[in-house]
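>>> I would like to see how this sequence folds:
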Amino acid sequence: MTLVNTSAAPARAANDTPTSYEEFLDVLAGLRLSSSRIDIDIDRGQVTLDGRDAGLSAKEHDLLAHLAANADRAVTRDELFASVWAHAELGSDSRTVDAHIRRLRKKLSILPDLISTVRGAGYRFNSTPAVRVRVTRPVTLAA
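As a prediction, this is how the structure comes out:
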């Protein structure tokens, strides 16, 4: 679930006095819970629809992860061949991307406009509040 502050109260400056209990309750009253219909955990390889496993194959998950990581921009078929099917030695005339997109759309049909075709450019994952994408950013520690 996602917490969304819908309060119309102005934001407090960092140097303001601490928030009172009553102000805290006012903030809580302005919160609304919004559950995600689709939850994509890229690191764990898990995709759930309304809390249930989506039943994606490993390749479908890789495809969805790449599209979700590049949300709201067109991803070309060539880019998908290079990333998701990097070692498959498929020709550019292969229809495997299209077939996987079709199966992925069917499995994610609770949000039919989640993946759209961009004519002449490829496919686009459309961001929506009904979808939560989780990915852990890599952290580098310096000595």
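>>> List the backbone torsions phi and psi for the residue lying closest to Ser36 once chain neighbours are set aside.
Of all residues not flanking Ser36 in the chain, Arg132 sits nearest, at 4.0 Å (CB to CB, 6 or more residues apart in numbering). Using the backbone N, CA and C atoms, a C-beta is placed for each residue, glycine as well. Backbone torsions for Arg132, taken as degrees, to the nearest 10, come to phi -110, psi 120.
>>> pLDDT wise, what is Arg132 at?
Note on Arg132: pLDDT of 88.
>>> Contacts only, for it.
Thr2, Ser36, Ile38, Asp39, Ile40 (CB atoms under 8 Å, 6 or more residues apart in numbering).
>>> On the three-state scheme, Lys59 is what?
helix (DSSP: H, G, I helix; E, B strand; the rest coil).
>>> begin at 29 from here
Will do, 29 is the new start, and the previous item becomes Lys87.
>>> Spatially nearest residue to it, not counting backbone neighbours?
Per CB to CB, 6+ apart, closest to Lys87 is His128, 6.3 Å.
>>> which other residues reach the helix or strand hosting that neighbour?
Under the criterion of DSSP states H and E, His128 resides in helix 124-135. By CB under 8 Å, 6+ apart, the surrounding residues in contact with helix 124-135 are 77, 82-84, 87-88, 91-92, 105, 108-109, 112-113, 116, 118, 140, 142-143, 145, 151.
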